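Undergrad: show me how the following folds:
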Amino acid sequence: MSHSNAHDNSINQGRAMVYRLLSALFAKEVDQPLLHELTSAQAQAFLAQLASDPLLGTDVAKINAVLLGLTTDKALLELAADYCGLFLVGTKHSASPYASLYMASNKQDGDEVLLFGEQHQQMLDHLEQSQLQVQSEFPEPADHLAVILAYVAHQANRVNSATQLAFINDYLNSWLATFSDKVGQCDNGQFYTALANLTTHWVKSDCETLAASQSH
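TA: Residues are numbered from 1 along each chain as shown. Reported below is the predicted structural model:
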């Protein structure tokens, strides 16, 4: 293996770790096992490294400050309530994390978009081609943001930059900013606003990296 390939692999492993982290935080509310993992020395070192990027530092700091402050069951429950209100209830005052609600072709204002529709089916096809599936304990449509982020993590060390960039543009960039704005409008706390902003900034930065890697 050449030095450049080894370097690329370490970069891609780091990219995959970021996407897996973001996916985990959107997949479910923060519970004690996840909190224990995120406040471990290893995770804290990783978050500190991520925060060293000026584009990401503010949002990482906000997220980590909340995580380190979750020292009581009451604090965990309050954050879980924020998660539920934002992502599970499906009202006008929530920010549903499904691509189909933002991407549906020829969607008219006021039209109801059905879940488990076109984008869900497309993501299922991608997962199937990669011999993956949505875990049975995650009873959500495949176009859930957590699934898409996990799939990008899976791709990071397996397909070329052009393929990754095309997927991210189609399945994330086309709706992520709108979703992030919605989270900011509806979030009662700071955690998920910072998480949505971090995801948007990270994906934008990652796309620039992928695009640059093709020109070399």
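
Undergrad: CA only for contacts and neighbour counts going forward, please
TA: Fine.

Undergrad: what's the distance between residue 71 and residue 36?
TA: 11 Å (C-alpha to C-alpha, to the nearest Å).

Undergrad: host element of the residue nearest to residue 179 when sequence neighbours are not counted?
TA: In space, and not counting its chain neighbours, residue 179 is closest to residue 95: 6.6 Å by C-alpha to C-alpha, 6 or more residues apart in numbering. Following DSSP states H and E, one finds residue 95 outside all helices and strands.

Undergrad: on that earlier part again, mutual contacts of residue 71 and residue 36, please.
TA: By C-alpha atoms under 8 Å, 6 or more residues apart in numbering, residue 71 and residue 36 have no common neighbours.

Undergrad: can you give me the helices for the protein?
TA: 3-27, 32-38, 41-51, 57-68, 73-87, 100-103, 118-129, 145-155, 161-168, 176-186, 191-214 (DSSP state H).

Undergrad: and the first one with helix 145-155, angle?
TA: Orientation of helix 3-27 against helix 145-155 (axes from the mean of the first three to the mean of the last three C-alpha atoms, to 10 degrees) gives an angle of 170 degrees.

Undergrad: any chance you could list what contacts helix 3-27?
TA: 145-150, 152-154, 156-157, 195, 199.

Undergrad: for the residues you listed, which one is nearest residue 64?
TA: residue 195 (10.2 Å; C-alpha to C-alpha).

Undergrad: ok, now how distant is that closest one from residue 124?
TA: 25 Å.

Undergrad: one more: residue 23?
TA: 17 Å.

Undergrad: show me which of those two is the more surrounded one.
TA: residue 23 (22 against 19; other C-alpha atoms under 10 Å).

Undergrad: quick one on the thing from earlier: list the contacts for the residue nearest to residue 179?
TA: 86-87, 179, 182-183, 186.

Undergrad: how about the CA coordinates for stretch 155-164, as CSV?
TA: Extracted C-alpha coordinates of stretch 155-164, given in CSV (Å, rounded to 0.1, in the frame of the first residue of the first chain):
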residue,chain,number,x,y,z
GLN,A,155,-19.3,4.3,2.0
ALA,A,156,-16.3,6.3,3.4
ASN,A,157,-13.7,3.5,3.0
ARG,A,158,-15.5,1.5,0.3
VAL,A,159,-16.2,3.7,-2.7
ASN,A,160,-14.4,6.5,-4.6
SER,A,161,-14.8,10.2,-3.9
ALA,A,162,-17.0,10.8,-6.9
THR,A,163,-19.5,8.2,-5.9
GLN,A,164,-19.6,9.4,-2.3
